[in-house]
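Enquirer: Sharing a model that was predicted from the sequence below.
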Amino acid sequence: MFTTLTDDSGAFDQDTIQISVELPSALAEQQTNLPDKFDLRANFPNPFNPKTIIRYQLPEATEVTIKVFDTSGRLVSVLIDKKQSAGYHSVVFDAQSYASGIYFYIMKAGSFLKVRKMMLIK
């Protein structure tokens, strides 16, 4: 609903208009709150077919690599290999061309290193 501000003469008074834009609180918090530590989350969904989302967080800008390996230790995919800004991130692993089984994903960011397991079921 819009209201036109006028004085007693019916003239528009530009000095009385103030515009304020506020982000919804959850969105504003998400934009200002940076993670306080490195973390690699469990993929979702798990088990998956054929795609899954891997979420991770960085408290500072750094070089990040996320690689996927099979149970034999063979490199299957390099999902991320670049410098990224601080914050919350995610990447999709599409395993459409891979066999069912257990896979491991490893994140290295600075001195942080973490391994997690995921299961592809076709």
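Expert: Ah, there it is. These numbers come from a predicted model, not from an experiment.
Enquirer: Tell me where this structure has strands.
Expert: If DSSP state E is used as the criterion, the strands of the chain fall at 39-40, 51-58, 62-70, 75-84, 87-94, 101-109, 112-120.
Enquirer: Relative to Asn33, which of those is closest?
Expert: Ranking these by proximity to Asn33 (CB to CB) places strand 87-94 first, at 9.2 Å. (Glycine included, C-beta is placed from N, CA and C.)
Enquirer: Distance to Asn33 and mean pLDDT added to the strands of the chain, as CSV?
Expert: CSV is the format used below for those (distance: least, CB to CB, whole Å; pLDDT from 0 to 100):
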stretch, distance to Asn33, mean pLDDT
strand 39-40, 14, 98
strand 51-58, 11, 98
strand 62-70, 18, 98
strand 75-84, 17, 97
strand 87-94, 9, 97
strand 101-109, 19, 98
strand 112-120, 19, 98
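Enquirer: Adding mean neighbour count, write these out as JSON lines.
Expert: Formatted as JSON lines, these follow (neighbours: other CB atoms under 10 Å):
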{"stretch": "strand 39-40", "mean neighbour count": "18"}
{"stretch": "strand 51-58", "mean neighbour count": "19"}
{"stretch": "strand 62-70", "mean neighbour count": "17"}
{"stretch": "strand 75-84", "mean neighbour count": "13"}
{"stretch": "strand 87-94", "mean neighbour count": "15"}
{"stretch": "strand 101-109", "mean neighbour count": "18"}
{"stretch": "strand 112-120", "mean neighbour count": "15"}
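Enquirer: Perfect, I'm done here.
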